[in-house]
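**Student:** need coordinates for the below:
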Amino acid sequence: MEQLSCVELPVVEKKTYFCSMKRIILVTGGQRSGKSVYAEQLALQHSDTPLYIATARVWDDEMRHRVRLHQERRGPCWTTIEQDGELGGIDIGGRVALIDCVTHWCTNRYLDMSGPDGALPDSSDVQAALKRDFDRFTSQEGTFIFVTNEIGCGGISDNAMMRQFTDVQGMMNQYIASTADEVVLMVSGIAVKIKEEGENEE
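**Tutor:** Now for the predicted structure:
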């Protein structure tokens with residue numbers, strides 16, 4: 001695979017890297033495995049002023065508290081874009097973008113496509129919509145760092161909606177991993193690289 005080529009440009013005494021090709025990195029793992037912290041450190045290795053694309057919807061005070069903790073940890077060097085819907089309309093301008101997280105992005109689309117009476121959506125339709133949005137978003141140049149959850153590692157839920165969503169999330173994880181240049185699995189705060197750059201090549 002061709003080596004990533006970046007041009008370093010000064011931005012208010014900081015560095016922003018504009019990349020001349022596309023690179024996708026997926027960071028996956030369970031809850032509290034260290035995914036977000038690792039992904040943030042990785043983004044800062046590539047740029048002093050990365051983008052942070054927040055996909056969560058703030059449902060309650062606990063979620064609001066979690067968001068505040070994340071914001072305080074990141075600090076002022078990040079540019080935050082809050083987008084709980086489609087990602088395809090975001091122009092990252094060739095920069096380094098951290099998307100946290102795939103699970104919230106999938107959850108939002110899944111719920112938006114559910115029936116008004118709580119009827120379950122067609123999982124194939126949800127997956128197709130997510131894939132189209134992902135493909136459109138990642139068709140531009142830049143470095144994309146996606147954070148996701150391995151929610152299917154536990155037992156099988158007795159809730160039909162949760163079982164269906166686990167399938168949707170699992171298939172999207174597989175899809176993103178298949179296109180990614182690198183995949184990192186976080187286990188107890190330790191990063192285990194399970195896909196190396198160049199493995200997509202024939």
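**Student:** residues contacting the helix or strand encompassing residue 24, please?
**Tutor:** Secondary structure assignment for residue 24, by DSSP states H and E: strand 22-29. With contacts defined as CB atoms under 8 Å, 6 or more residues apart in numbering, strand 22-29 is touched by 4, 35, 38-39, 42, 138, 140-150, 173, 176-177, 179-187, 191, 195. Yep, even glycine has a C-beta here, placed from its N, CA and C like the rest.
**Student:** report the contact partners of the residue sitting nearest the centre point of the chain.
**Tutor:** By CA atoms, centre = their mean, the chain has its centre lying nearest to residue 146, at 2.8 Å. Residues in contact with residue 146 (CB under 8 Å, 6+ apart) are 24, 25, 26, 27, 99, 101, 102, 176, 180.
**Student:** okay, who's weakest in those residues by pLDDT?
**Tutor:** Ranked by pLDDT, these bottom out at residue 101, which has 94.
**Student:** burial check on the spatially closest residue to that one that is not a sequence neighbour, number of neighbours?
**Tutor:** Spatial nearest neighbour of residue 101, chain neighbours left out: residue 147 (4.3 Å); criterion: CB to CB, 6 or more residues apart in numbering. Residues near residue 147, counting by other CB atoms under 10 Å, number 24.
**Student:** how about residue 27?
**Tutor:** By the criterion of other CB under 10 Å, residue 27 has 28 neighbours.
**Student:** first-to-last residue distance for stretch 82-98?
**Tutor:** Terminal residues of stretch 82-98 lie 12 Å apart, using CA to CA, to the nearest Å.
**Student:** all strands of this structure, in order?
**Tutor:** Taking DSSP state E, the strands of the chain run over residues 6-11, 14-19, 22-29, 51-54, 79-82, 96-100, 142-147, 182-187, 190-195.
**Student:** of those, which is nearest residue 155?
**Tutor:** strand 22-29 (18.0 Å; CB to CB).
**Student:** and the closest one, how far from the chain's centre?
**Tutor:** 7 Å (CA atoms, centre = their mean, to the nearest Å).
**Student:** just checking: what are the partner strands of that strand?
**Tutor:** strand 142-147 (parallel), strand 182-187 (parallel) (DSSP bridges).
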